[in-house]
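Trainee: this is a predicted model, with the sequence first.
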Amino acid sequence: ETGVTQSPTHLIKTRGQQVTLRCSSQSGHNTVSWYQQALGQGPQFIFQYYREEENGRGNFPPRFSGLQFPNYSSELNVNALELDDSALYLCASSLGHRGDTGELFFGEGSRLTVL
Amino acid sequence: QKEVEQDPGPLSVPEGAIVSLNCTYSNSAFQYFMWYRQYSRKGPELLMYTYSSGNKEDGRFTAQVDKSSKYISLFIRDSQPSDSATYLCAMSARRRDDKIIFGKGTRLHILP
């Protein structure tokens, strides 16, 4: 059983550019969540996707967008990058939607540096 | 006031000591209370969760939730150097995988 995998592991962008981060969910999981973890802070919820539809969003501007594909993998896109977007971006997968669906399984993250 | 408050530490204790980690929160809607452990350059992993109030024990770890005081704790007995990590308290209102609110995390060092 493979866990959650994310790519790339590290990347450097300049202010104003766009970035796409990718995530493969754990086998059998149909829900993907994205979190942003700034240095020295806890993860902050960006949004969640369930069966290819957005299923909740945190307090992030529209330039943060996402997709979930039929195989339940996911992308996080960030447009017009700002210096404050520098962070570890964590993808997490889980099973199901209704009731208590179990825990989140996190990947190791993609570390984004914006210069 | 932040929804979840957690002292970032660092906290250094000798091997074998009992460790106490704590968080306070303000949102009465929280029903799931979780503790995640995050090693350096890794993603968080769930250690324990409690639904509503009460205590839960798993090996050397005990989680406590006091909803009347909006206060949660994690105790680690017989601490080991391998327990050195950042411990994140986390809470959610609806499900264990939905819109989790994390504390800042407490950096813990267990000294051999």
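Mentor: Now that the structure is in, tell me what you want to look at. Residues are numbered from 1 along each chain as shown, chains lettered A, B, ... in the order given.

Trainee: shaky segments in chain B?
Mentor: Nowhere does chain B drop to pLDDT under 70.

Trainee: any idea how far residue A:18 is from the residue nearest to residue A:10 when sequence neighbours are not counted?
Mentor: Distances taken as Cβ to Cβ, 6 or more residues apart in numbering or on different chains put residue A:111 closest to residue A:10, at 4.9 Å, once the chain neighbours are dropped. Backbone N, C-alpha and C define where each C-beta goes, glycine included. Using Cβ to Cβ, to the nearest Å, residue A:111 is found at 17 Å from residue A:18.

Trainee: same check on residue B:80?
Mentor: For residue B:80, the distance to residue A:18 equals 44 Å [Cβ to Cβ].

Trainee: where does chain B come near chain A, residue by residue?
Mentor: B:4, B:6, B:8, B:34, B:41-46, B:49, B:51, B:88, B:90, B:95-105 (Cβ under 8 Å from any Cβ of the partner chain).

Trainee: what about residue B:96, distance to residue B:33?
Mentor: Counting by Cβ to Cβ, the separation of residue B:96 from residue B:33 is 10 Å.

Trainee: er, residue A:19 actually
Mentor: For residue A:19, the distance to residue B:33 - Cβ to Cβ - is 34 Å.

Trainee: the more surrounded of those two?
Mentor: Neighbour count, other Cβ atoms under 10 Å in any protein chain shown: between residue A:19 and residue B:33, residue B:33 has more, with 27 against 18.

Trainee: for that one, what are its contacts?
Mentor: Residues in contact with residue B:33 (Cβ atoms under 8 Å, 6 or more residues apart in numbering or on different chains) are B:49, B:50, B:51, B:63, B:65, B:72, B:89, B:90, B:91.

Trainee: how about the contacts made by residue A:20?
Mentor: A:75, A:76, A:77.

Trainee: typo on my end, it should be residue A:19
Mentor: A:11, A:13, A:77, A:78, A:81, A:112.

Trainee: which stretches of chain B form strands?
Mentor: B:4-5, B:11-14, B:19-25, B:32-38, B:45-51, B:54-58, B:61-66, B:71-76, B:85-92, B:101-102, B:106-111 (DSSP state E).

Trainee: actually, chain A.
Mentor: A:5-7, A:10-13, A:19-24, A:31-37, A:44-50, A:53-57, A:64-68, A:74-78, A:87-94, A:105-106, A:110-114.

Trainee: just to revisit the earlier point, who wins on neighbours among the contacts of residue A:20?
Mentor: Neighbour max across the contacts of residue A:20 (other Cβ under 10 Å) = residue A:76, 26 neighbours.

Trainee: which residues does that residue bridge with?
Mentor: Taking DSSP bridges as the rule, residue A:76 bridges to residue A:21, residue A:66.

Trainee: pull the helix or strand with minimum mean pLDDT from chain A.
Mentor: Of all the helices and strands that make up chain A, strand A:53-57 has the lowest average by mean pLDDT, DSSP states H and E, namely a mean of 92.

Trainee: sheet-wise, list the partners of that one with their directions.
Mentor: When DSSP bridges is applied, strand A:53-57 pairs with strand A:44-50 (antiparallel).

Trainee: can you give the distance from the strand it pairs with to the centre of its chain?
Mentor: In terms of Cα atoms, centre = their mean, to the nearest Å, the centre of strand A:44-50 is set 7 Å apart from its chain centre.

Trainee: mean confidence score for it?
Mentor: If you average the pLDDT over strand A:44-50, you get 95.

Trainee: next, the angle strand A:64-68 makes with it.
Mentor: 30 degrees (axes from the mean of the first three to the mean of the last three Cα atoms, to 10 degrees).
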